[in-house]
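K.L.:
I'll drop the sequence and a predicted model, then ask my questions.
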Amino acid sequence: MNHTSFSVIAACTLFAASSCGTSRQADVAPQADAAIFESFSYKGNDDFYAHNPLPDESSFYNPILPGWYSDPTICTNGEGDYFLATSTFTYVPGVPVFHSRDLVNWTKIGHVLTRESQLKNFRHQHVSGGIFAPDIKYNPANKTYYMITTNVGAGNFFVKTQDPFGEWSEPVYLPEVQGIDPSFFFDNDGRAYIVNNDDAPDYKPEYPGHRTVRIVEFDTETEKCIGERKIIVNKGCRPEEKPIWCEGPHIYNVDGTYYLMTAEGGTSGWHSEVIYRGKSPMGPFEPWEGNPILTQRDLDNNRPDPVTCAGHADLVKTAEGDWWAVFLACRPIDGDYENLGRETFMLPVKWTEDGWPYITKHGETIPMIVSRPGVTRTDSVTFGNFEWTDNFMSPSLDMEWHTLRGDAAGLYSLSAPVNHLTLKCSEIPTTEKDVAAFVGRRVQHHNYECTTHMVFEPADTCQHAGLVVMKDETHQYQFAKSRNDDGNIMVLRKIDENGSTDIASMPLDADVTGVDLRLVSKGKSYDFMFSTDRGDTWETLMSGVDARHTSTAAAGGFTGTLVGLYASKTRI
């Protein structure tokens, strides 16, 4: 992440005077039908991190990837490199990749899906459509990394590379692999398999949520599935209890014993992870009587600093011989709702005397401070409270930014003018299932603030631009500069299933073109403020705005909330 030191240096280079902090960059001239953003800053300030400092240099905070880094998957090349990827749904670029040498210090190195040709049928999908549950694996037989996943608008596919720091291939679709959540398993003998979640036998479920896990062999040379596709789990680990949604499967070979791990219970409060083992990747598999090996569903959500919805795990064996798990979980407020989505957590794996792995025991809480002895935490980490600023000095968007359903290349510029982000007022609003003039970054803290400086002159009452807090198409707040019949205004609009409602507005002087916008989140509520004198004074447009409206509890779906910048010429 970009941290404060970089941000301050970058900002100083833009100031005309030599004394940073005592002078300000002059506003650029407004452009017709476009909003120009000089900078954007984000600062997290969660109470837990502020009140619970890490005790030593080998400790780290859970989640290791805060904000909606959902469905984590991890692999190693056996040479000390670890790679971790997560879901992105319809956000672009897709599937971020993180790299680490020690499992504690992670660096985002790029994304797997970066080209329009890799993003099939994203338009007209819901925000929570698109890319589900990626799986990243290294095949030592051909020294190739694979990422296999589900595009819910097109089917299951994989891409590959021999350089995970670079570009990935064009997608290869697998029409014979029906269902969702595919993952690769590369065995020690060079054979490869694809295991995934699919419908009930003969596609006749006995009850809602009745699913199966199926496996098929895969030829890495022809890149085709071969042989019979076989059911290896029907219903779940305790079929008599009618378990639901046995999904996200992974297979591991541990000293000749094959372990099959799946999630159960759905991805909300009843989420869990279960384990099986057998003598062959094709089964049969027996479930462990101590299942689940990870869950928080048996705990009181009103406990202090609760972690809920834990499941969808993946395992990795380190060079030192120990095992670790990455998995998703949530951090709700009052045990009820949050805007962060499903985040990536990490814990060590323990083993029973008779050879079963587990992550938590019954009634055991997931800790938010964990230690990996022998590892030194650096100053640049992905967790805890941090500040991030983008002054748009790069010729391309920073990796923290996402667009929606497409790269939006024709709707923004980083060179006209230079060192600014210019968004064209688009006819596609952020409420439509299409590509809008929008860039957003993950919300990663309950308590945070973000600020931007914008130059914008709306031409009519339909044009508006500014900050947007977005959960999905019908759960947003737009904090914008716009116009009414009397002139320019600052306006706060709530977007819901019924459309757009102006819940606060304030007039602006006609000669004001540049304005600073600030959003302060207090977890349960938002405050929206603006300044027309470069932050010397601030006007509160509205405070105490309900943050639950943009939460998963209110909106559903699989993502968390984004905060970002937008421009539109369509009044919703």
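P.N.:
Yep, that arrived. Numbers count the residues shown, from 1 in each chain.

K.L.:
Please, where are all the helices along this protein?
P.N.:
4-14, 47-51, 552-555 (DSSP state H).

K.L.:
So what touches stretch 287-304?
P.N.:
Stretch 287-304 is contacted by residues 237-238, 261, 264-265, 269-277, 306-311, 313, 325, 327, 329, 332, 334-336, 352, 356-360, 362-363, 365-366 when judged by CB atoms under 8 Å, 6 or more residues apart in numbering. Any C-beta I mention is one placed from the backbone N, CA and C, and that applies to glycine too.

K.L.:
before we move on, what about stretch 226-241?
P.N.:
176-177, 195, 200-201, 206, 210-219, 242-244, 246, 249, 260, 262, 264, 274, 276, 282-285, 287-288, 291-292.

K.L.:
Going by neighbour count, which of the residues you listed are buried?
P.N.:
177, 195, 200, 210-218, 243-244, 246, 249, 260, 262, 264, 274, 276, 282-283, 285, 287-288, 291-292 (16 or more other CB atoms under 10 Å).

K.L.:
In strands only, show me those.
P.N.:
195, 212-218, 249, 260, 262, 264, 274, 276, 287 (DSSP state E).

K.L.:
Which of these lies at the shortest distance from G523?
P.N.:
Minimum distance to G523 across these is 30.3 Å, recorded for E264 (CB to CB).

K.L.:
D202 versus the closest one, what's the distance?
P.N.:
Relative to D202, E264 is positioned 22 Å away (CB to CB, to the nearest Å).

K.L.:
before we move on, what about E432?
P.N.:
39 Å.

K.L.:
distance of the nearest residue to Y82 once chain neighbours are set aside from T308?
P.N.:
Computed as CB to CB, 6 or more residues apart in numbering, the closest residue to Y82 that is not its neighbour in sequence is S100, at 4.7 Å. In this view, S100 and T308 are 26 Å apart by CB to CB.

K.L.:
Repeat that for T540.
P.N.:
As judged by CB to CB, T540 and T308 stand 33 Å apart.

K.L.:
if you count what's nearby, which of these two comes out ahead?
P.N.:
Neighbour totals were compared for T540 and T308, and T308 leads with 21 against 14 (other CB atoms under 10 Å).

K.L.:
Domain-wise, how is this structure divided?
P.N.:
4-45+385-568, 69-371 (automatic domain parsing).

K.L.:
rank these by mean pLDDT and give me the bottom one.
P.N.:
Mean pLDDT values for these show the minimum at domain 4-45+385-568, a mean of 91.

K.L.:
Pretty sure M506 sits against N488.
P.N.:
No: using CB atoms under 8 Å, M506 is not in contact with N488; the gap is 10.1 Å.

K.L.:
between these two, who's got more neighbours?
P.N.:
Higher neighbour count among M506 and N488: N488, with 20 against 13, using other CB under 10 Å.

K.L.:
For that one, which non-adjacent residue is closest in space?
P.N.:
L508 (4.2 Å).

K.L.:
do the same with V545
P.N.:
Y526 (4.3 Å).

K.L.:
what does S59 give?
P.N.:
Leaving out its chain neighbours, S59 is closest to S371 (CB to CB, 6+ apart), at 4.7 Å.
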